[in-house]
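Visitor: for reference, the sequence and a predicted model appear below.
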Amino acid sequence: MLRKIFTTSAFIVISLSLFSCNEKKKIIEENEITLVMAEVNPEDTIAGQMDKAFKEKVEELSEGKIKIDLQCAGILGDVDSVMQLMMKPNSTIQIHRMSAVNLAIYGCKKSSLLSVPFTFSSREHFWNFTRSDTAKAILDEPESLGLGVKGLFYGEEGFRHFFSAKKIQSVADFENLKVRGTNDKAMQGLLKGLKADSIPVNYADLYSSLQTGIIDAAEQPIANYLSNHFHNICPYMILDGHTLGVMETVITLECWNSLSDKQKNILTAAGTYASEYCRKISQSQEEKVKEQLVKEGATITPVNDVTPWQKACEEVIKEGSAVDEKLYKEILSYAK
């Protein structure tokens, strides 16, 4: 009786034993696989659109044999809960688009340099950086630290700006203001320099916390400010551009190591495509968003001179860049 009982997986193993190594590899590659990808933002944000471009390119290049199950708007959990899951064996989520600042929380000191206030002077500066060996070294950092994830590609969701229920016109307006503070050192140092009160709030609770007055202000890239409808309760945004929203997409090492060279090449090529797609849409998307926000009643205040902001952040800039001064200077050099 026992000889007649075979599971599907056992049958596949026994069947594969009849083939050569190359034939085995070909059979495995021909099997369809589905990789789950988590995104905390809605699909219509810059991040969501970059994810979608990655998904479509993977499925195109693999002729449908690799499918990306993209789940947006935090359906699979917030950034921390997704990352915690991905660092464990047998994760049900294989790919995650996250911010460099989130990786810094997990000990990625090189990634932390990307969120030091006023590091990138322009989008062109950032994209010059992404094409460098310096950028690759930072993307490889999570794997080298043994976090169980590997960096795939970069993106950016625009410069981050503060928004609030009451109009903010200068650095002086931040004194004693209750601002959402994340637990990364860069944000804590920034708020300390601005003399604001840092209040910890989970991203999933951000809207309700602003609505109920638990906090007075927060910060986001302008596209996310619109997509998450924050302007409905906090109609004032000041374009201080304290940091660029640098994004890093990661994949679990367990998943990566299970892929064939052909499959890895497909994901790498799709990542390059998605990164370039992000570069093309980020600026134009932001201009359209600004126009829409004004039409919907938001007040957008430009900052013509960032000097007072940089001065307020002197301490955190010095402290943040001290993590690796040589590497930080390399990052700054790509502005030329």
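Guide: Thanks, I have it. Residues are numbered from 1 along each chain as shown.
Visitor: quickly note the distance from Q283 to A196.
Guide: From Q283 across to A196, the span is 29 Å (C-beta to C-beta, to the nearest Å). Any C-beta I mention is one placed from the backbone N, CA and C, and that applies to glycine too.
Visitor: swap in V303?
Guide: In this structure, V303 lies at 16 Å from A196, with C-beta to C-beta as the measure.
Visitor: show me which of the two is the more surrounded one.
Guide: More neighbours sit around A196 than around the other of V303 and A196, counting by other C-beta atoms under 10 Å; the figures are 22 against 17.
Visitor: surely that one and F174 touch.
Guide: Yes: taking contacts as C-beta atoms under 8 Å, A196 lies within contact range of F174: 4.4 Å.
Visitor: show me where the stretch 201-336 of the chain has its helices.
Guide: Taking DSSP state H, counting those that start in this stretch as the criterion, the stretch 201-336 of the chain carries its helices at 206-212, 222-227, 253-258, 261-295, 307-312, 314-321, 325-333.
Visitor: report all helices and strands that the last one contacts.
Guide: In this case it means helix 325-333. helix 133-139 (3 or more C-beta pairs under 8 Å, 6 or more residues apart in numbering; DSSP states H and E).
Visitor: quick one: contacts for G241?
Guide: When the contact criterion is C-beta atoms under 8 Å, 6 or more residues apart in numbering, the partners of G241 are 118, 159-161, 303, 306.
Visitor: what separates stretch 68-75 from the chain centre, distance-wise?
Guide: Its chain's average C-alpha position is 14 Å from that of stretch 68-75, according to C-alpha atoms, centre = their mean, to the nearest Å.
Visitor: that stretch: end-to-end distance?
Guide: Chord length of stretch 68-75, first to last residue, is 15 Å (C-alpha to C-alpha, to the nearest Å).
Visitor: can you pull out the strands in the protein?
Guide: Ranges of strands in the chain, per DSSP state E, are 33-38, 66-71, 95-99, 149-164, 178-180, 197-199, 217-221, 236-252, 299-302.
Visitor: how about those strands in CSV, adding distance to E325 and mean pLDDT?
Guide: Formatted as CSV, the entries for the strands of the chain read as follows, by distance: least, C-beta to C-beta, whole Å; pLDDT from 0 to 100:
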stretch, distance to E325, mean pLDDT
strand 33-38, 34, 98
strand 66-71, 39, 98
strand 95-99, 23, 96
strand 149-164, 22, 97
strand 178-180, 29, 97
strand 197-199, 26, 96
strand 217-221, 26, 96
strand 236-252, 19, 97
strand 299-302, 32, 96
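Visitor: which one of those lies closest to I46?
Guide: Nearest of the strands of the chain to I46, taken as C-beta to C-beta: strand 149-164 at 4.5 Å.
Visitor: neighbouring strands for the closest one, and are they parallel or not?
Guide: In the sheet, strand 149-164 lines up against strand 217-221 (antiparallel), strand 236-252 (antiparallel) (DSSP bridges).
Visitor: next, the angle strand 95-99 makes with it.
Guide: Per axes from the mean of the first three to the mean of the last three C-alpha atoms, to 10 degrees, the angle that strand 149-164 makes with strand 95-99 is 40 degrees.
Visitor: just the C-alphas of strand 149-164, formatted as PDB.
Guide: Presented in PDB, the C-alpha positions along strand 149-164 are these (Å, rounded to 0.1, in the frame of the first residue of the first chain):
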ATOM      1  CA  VAL A 149      17.100  40.400   2.100                       C
ATOM      2  CA  LYS A 150      18.900  41.600  -0.900                       C
ATOM      3  CA  GLY A 151      18.700  44.900  -2.600                       C
ATOM      4  CA  LEU A 152      17.300  44.900  -6.200                       C
ATOM      5  CA  PHE A 153      16.900  48.500  -7.400                       C
ATOM      6  CA  TYR A 154      16.500  52.200  -6.500                       C
ATOM      7  CA  GLY A 155      13.700  54.700  -6.900                       C
ATOM      8  CA  GLU A 156      12.700  58.000  -5.500                       C
ATOM      9  CA  GLU A 157       9.300  59.400  -4.600                       C
ATOM     10  CA  GLY A 158      10.200  63.000  -4.600                       C
ATOM     11  CA  PHE A 159      11.500  65.400  -1.900                       C
ATOM     12  CA  ARG A 160       9.700  65.200   1.400                       C
ATOM     13  CA  HIS A 161       7.900  68.200   2.800                       C
ATOM     14  CA  PHE A 162       6.100  69.100   5.900                       C
ATOM     15  CA  PHE A 163       2.300  69.500   5.900                       C
ATOM     16  CA  SER A 164       0.000  70.700   8.700                       C
END
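Visitor: related to what we said a few turns ago, between the helices of the stretch 201-336 of the chain, which gets the lowest average pLDDT?
Guide: By mean pLDDT, the lowest-scoring of the helices of the stretch 201-336 of the chain turns out to be helix 222-227, with a mean of 92.
Visitor: and it, how far from the chain's centre?
Guide: 15 Å.
Visitor: residues contacting that helix, please?
Guide: Everything outside helix 222-227 that qualifies as a contact, by C-beta under 8 Å, 6+ apart, is 41-42, 44-48, 157-159, 161, 163, 230-231, 237, 239, 285-286, 289-290, 292-293.
Visitor: how about the helices in the stretch 1-150 of the chain?
Guide: Counting by DSSP H, counting those that start in this stretch, the segments of the stretch 1-150 of the chain that form helices are 8-16, 21-30, 46-61, 79-86, 100-105, 109-112, 123-130, 133-139, 141-144.
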